[in-house]
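K.L.:
Just a sequence and a predicted model for now, questions to come.
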Amino acid sequence: MRLKKLSRDFALEASGVDLAQPLSDGAFREIEEAFFAGQVLVLRGQKLTAREFLEFARRFGPPEPHVVDQFHHPEYADILILSNVVRDGQPAGLADAGTYFHTDYSYLDMPARATLLYSIQVPKVGGDTLFADQYAAYDGLPDSLKKKIENLVALHHYGNRDDLDKSSRTVASVLSQEQEQKMTWVRHRVARKHPVTRRTALYAVSGSSFGIEGMPEDEAVDLLDELKHHATQEKYQLRLKYGVGDVVIWDNASLLHSATLIDPNDPRTLWRITIKETRRQA
Ligand code: SIN
């Protein structure tokens with residue numbers, strides 16, 4: 001496997017790997033190390049069946065099916081279909097999967113470790129994913145702010161703090177009443193140690209964080225907004241472009257990511273698998 005940097009600070013592209021072939025434990029360990037080191041790991045031009053994609057994803061940990069169950073893959077519920085294609089008046093998948101900075105499953109007590117996308121249909125224009133490095137964002141905070149947030153715990157719920165309008169494309173994917181009932185409030189540290197690398201990163205300061213324990217709501221939202229503006233600055237971002245067959249794996253504990261809005265008539269389809277964390281974060 002050869003690795004190429006996709007930006008100065010993070011994101012790696014691996015070549016010389018065919019994920020349709022059996023992968024030894026040693027070869028997988030190399031991929032896993034590159035994933036934790038790069039935070040985003042891209043393997044271009046793969047040719048995978050749904051089963052092969054799922055088998056590869058399972059090497060990273062236990063997949064957790066998305067609460068939006070109407071767009072699960074018909075054979076494999078662990079695969080969520082992201083697609084803006086409409087067939088016979090029916091959406092083929094989830095059209096806008098988080099067009100705002102967020103990190104996956106931060107609304108769950110045990111959030112996501114990794115998310116994998118497999119790109120099937122690439123639009124003529126756009127369809128990129130943005131990533132923001134939350135290790136660098138934490139490192140770039142003034143010492144006074146690092147001290148202020150040191151022991152703060154944020155309160156998270158499914159949704160996008162910045163947009164609760166269900167008719168908007170930048171709201172979190174709208175849930176049915178039954179799906180909503182499965183959602184509860186959970187707590188995560190604002191600055192968390194990564195469960196594997198032990199580096200501190202800002203965690204989900206955009207997206208599902210709606211408050212801070214023990215802090216009046218307006219003060220908490222002001223602080224979260226200040227952190228979000230800091231954490232999503234362009235200097236921490238990478239824009240990833242897809243080709244057909246690309247597999248992308250990202251580290252949800254050290255990144256924020258955002259889908260980008262595209263023309264709903266320009267077809268884009270990807271399969272997504274999200275792997276749950278199994279270790280408690282400090
Ligand atoms: C996601 O947030 O899971 C999807 C990202 C994308 O569609 O670009």
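P.N.:
Arrived safely, thanks for sending.
K.L.:
residues from this structure in reach of the ligand?
P.N.:
Leu82, Ala97, Gly98, Thr115, Thr129, His257, Ala259, Arg272 (Cβ under 6 Å from any ligand atom). The C-beta positions use only the backbone N, C-alpha and C, and glycine is treated the same way.
K.L.:
Apply 5 Å and report the result again.
P.N.:
Contact residues, the chain versus the ligand (Cβ under 5 Å from any ligand atom): Ala97, Gly98, Thr129, Ala259.
K.L.:
List the contacts of the third one.
P.N.:
By Cβ atoms under 8 Å, 6 or more residues apart in numbering, the contact list for Thr129 reads Leu117, Arg239, Leu240, Tyr242, Val248, His257, Ser258, Ala259, Thr260.
K.L.:
wait, doesn't Leu6 sit right on Arg239?
P.N.:
No: with contact defined as Cβ atoms under 8 Å, Leu6 and Arg239 do not form a contacting pair (9.7 Å).
K.L.:
neighbour-wise, which of the two wins?
P.N.:
A count of neighbours by other Cβ atoms under 10 Å puts Leu6 above the other of Leu6 and Arg239, at 18 against 12.
K.L.:
Return the backbone torsion pair for the more buried one.
P.N.:
The phi/psi pair for Leu6 (degrees, to the nearest 10) reads phi -100, psi -10.
K.L.:
Mind telling me which residue of the stretch 151-282 of the chain is nearest the ligand?
P.N.:
Ala259 (3.3 Å; Cβ to the nearest ligand atom).
K.L.:
swap in the stretch 101-250 of the chain?
P.N.:
Counting by Cβ to the nearest ligand atom, the stretch 101-250 of the chain gets nearest to the ligand through Thr129 (3.6 Å).
K.L.:
part of a strand, is Ala201?
P.N.:
Yes: per DSSP: H, G, I helix; E, B strand; the rest coil, Ala201 lies within a strand segment.
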